[in-house]
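Undergrad: okay, sequence plus prediction incoming.
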Amino acid sequence: MAEVKLHGFWYSPFTLRVVWTLNLKDIPYENIEEDRFNKSPQLLQYNPVHKKTPVLVHDGKPICESMIIVEYIDEIWPQNSLLPADPYDRAQARFWVKYIDEMISTLSAIIRSKSSEDREKAKENLWERLGVVEDQCLKDENKFYGGDNINIVDIALGSFVKFIEVLEITFKVEILQTERFPHLHLWFNNFKDVQVIKENTPHQEKFVAFLKPLFEKILASS
Amino acid sequence: MGSQDVKLLNFLLSPVGRRVEWALKLKGVDYEYIEEDIFNKSNLLLELNPVHKKVPVLVHGQKSMAESLIILEYIDETWKQYPLLPHHPYQRALARFWAKLSDELALGAWRAMVRRGDEREKVLKEAIEVMEKIEQLIKGNKFFGGNNIGYLDLAFGWITCWLPVWEEIGSMQVLDPLKCPSISSWKIHFLNHPIIKDNLPPRDQMISYCHRRIEEFYSTHHAY
């Protein structure tokens, strides 16, 4: 059986997406924890362009970019399929994955804010984007975007919403207000309850304890 | 399937929209072309792409979709002749990676044209570095897709026509032919392809469009 290795950061939403995907499909893999301040030579060799995690290595061949990795895994191991079969539904799912991924800059702006005004502005930007997800992506009121089971959109969104929860505690800012985002709130409660997700998501306290000093370090060096 | 079945909402000068046209033409798919004035967006566009309000939008029957690279994958999955994406999942993952990078590079090159001072120098330097990585990717191949134009060639197509205009307007060089001879060769092959060469944007309009966008930028971004 070909080897599967995952180079990542346990606290990164991007790595989490791949961890969830591998576990949803019951794929055995070796987890290689990277240190962002001391990246392994293999990582730099596998991702020379961005030098980032996650990187999936399958049979010695590296794949980069979390959602590209998720699609790759889905193509090689089709059980518990994460993409719709219909080309139009696939196009819609990919559209939302891209939209969600583009939210990263607003999350980053919250982390890097040097004043409460900056943070407030970044939060409003994020609200605007989450509003589109609330009104346009989750409007069908299915249990998940994927219907009864989670799919790539749920995975992409779930990792970010999880991360937003951590930011809320770390920066004492309220973002995921139930009144503002009722669909999102309901969807996330269902998502968190999925067995594989529950079992493969680090505890909130662990995230906060680790990320708070890391954010401070990032902010100090920016 | 008549041409009424497929419609493309696009802007003449859009590099990403042009990719979709090239793909449809390579596959011999009939379509109705609808030109959009991006300075005066139509209700149709706002209705078909409410999230981004941007072109291109492909309409197939009752289904509408946005984002050029996603549209390319839809086209490839729907019309099987002249395959655009590689067959093997690993090659597909690589193609998607480089296509994503292509879009980031295009944005970087555009910014280098528009911005000034330190910021411009920074984005320009990054763009040059990425271009050199693309040189390594194409080395030894006629096209990114191998012997034929494929998804990745369409993704990089902006380098052939749009980049030279941006370089001229921005008084900069992102693609150095001496450092990137393989990309330079690829450009020639790409532009000479029968489908591509009859489907290129008008240069004079590209120049005035860029100037207009730059003026717009500086009139709304006083801090820069």
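TA: That came in fine, so what should we check first? Numbers count the residues shown, from 1 in each chain, chains lettered A, B, ... in the order given.

Undergrad: how many other residues sit next to B:Val57?
TA: 26 (other Cβ atoms under 10 Å in any protein chain shown). Any C-beta I mention is one placed from the backbone N, CA and C, and that applies to glycine too.

Undergrad: give the contact list for the residue nearest to B:Ser102 when sequence neighbours are not counted.
TA: Of all residues not flanking B:Ser102 in the chain, B:Ala155 sits nearest, at 4.5 Å (Cβ to Cβ, 6 or more residues apart in numbering or on different chains). Contact analysis of B:Ala155 by Cβ atoms under 8 Å, 6 or more residues apart in numbering or on different chains lists B:19, B:69, B:72, B:95, B:98-99, B:102-103, B:144.

Undergrad: ok, now with 7 Å
TA: Contact analysis of B:Ala155 by Cβ atoms under 7 Å, 6 or more residues apart in numbering or on different chains lists B:19, B:69, B:99, B:102.

Undergrad: just among those, which is most surrounded?
TA: Using other Cβ under 10 Å as the neighbour test, the contacts of B:Ala155 are led by B:Arg19, with 26 neighbours.

Undergrad: can I get the helix or strand hosting that one in CSV, CA atoms only?
TA: Per DSSP states H and E, B:Arg19 falls inside helix B:15-26. Taking C-alpha atoms only, helix B:15-26 is exported to CSV below (Å, rounded to 0.1, in the frame of the first residue of the first chain):
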residue,chain,number,x,y,z
PRO,B,15,-8.0,37.8,-19.4
VAL,B,16,-10.0,35.4,-17.3
GLY,B,17,-13.0,35.6,-19.5
ARG,B,18,-11.0,34.9,-22.6
ARG,B,19,-9.9,31.6,-21.1
VAL,B,20,-13.5,30.4,-21.2
GLU,B,21,-13.9,31.4,-24.8
TRP,B,22,-10.7,29.6,-25.8
ALA,B,23,-11.9,26.5,-24.0
LEU,B,24,-15.3,26.5,-25.7
LYS,B,25,-13.7,27.1,-29.1
LEU,B,26,-11.1,24.4,-28.6
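
Undergrad: now the helices for chain B?
TA: With DSSP state H as the criterion, chain B has helices at B:15-26, B:43-48, B:68-78, B:89-114, B:117-138, B:151-156, B:158-169, B:181-192, B:194-197, B:203-220.

Undergrad: for chain A, that is, sorry about that
TA: Taking DSSP H as the test, the helices found in chain A are A:13-24, A:41-46, A:66-76, A:87-101, A:104-112, A:116-132, A:152-171, A:182-192, A:195-199, A:204-221.

Undergrad: output the ones you listed in CSV, with mean neighbour count and distance to chain B appended to each entry.
TA: Listed next are the helices of chain A as CSV, based on neighbours: other Cβ atoms under 10 Å in any protein chain shown; distance: least, Cβ to the nearest Cβ, whole Å:
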stretch, mean neighbour count, distance to chain B
helix A:13-24, 23, 13
helix A:41-46, 14, 12
helix A:66-76, 22, 4
helix A:87-101, 20, 4
helix A:104-112, 16, 12
helix A:116-132, 15, 6
helix A:152-171, 22, 13
helix A:182-192, 17, 16
helix A:195-199, 13, 22
helix A:204-221, 13, 17
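
Undergrad: how about JSON lines for these, with mean pLDDT added?
TA: Formatted as JSON lines, the helices of chain A follow (pLDDT from 0 to 100):
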{"stretch": "helix A:13-24", "mean pLDDT": "98"}
{"stretch": "helix A:41-46", "mean pLDDT": "94"}
{"stretch": "helix A:66-76", "mean pLDDT": "98"}
{"stretch": "helix A:87-101", "mean pLDDT": "98"}
{"stretch": "helix A:104-112", "mean pLDDT": "91"}
{"stretch": "helix A:116-132", "mean pLDDT": "95"}
{"stretch": "helix A:152-171", "mean pLDDT": "96"}
{"stretch": "helix A:182-192", "mean pLDDT": "96"}
{"stretch": "helix A:195-199", "mean pLDDT": "97"}
{"stretch": "helix A:204-221", "mean pLDDT": "90"}
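
Undergrad: mind giving me the domain split of chain A?
TA: A:4-76, A:87-221 (the TED database).

Undergrad: make TSV from these and add distance to B:Ala109 to it.
TA: Formatted as TSV, the domains of chain A follow (distance: least, Cβ to Cβ, whole Å):
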stretch	distance to B:Ala109
domain A:4-76	16
domain A:87-221	19
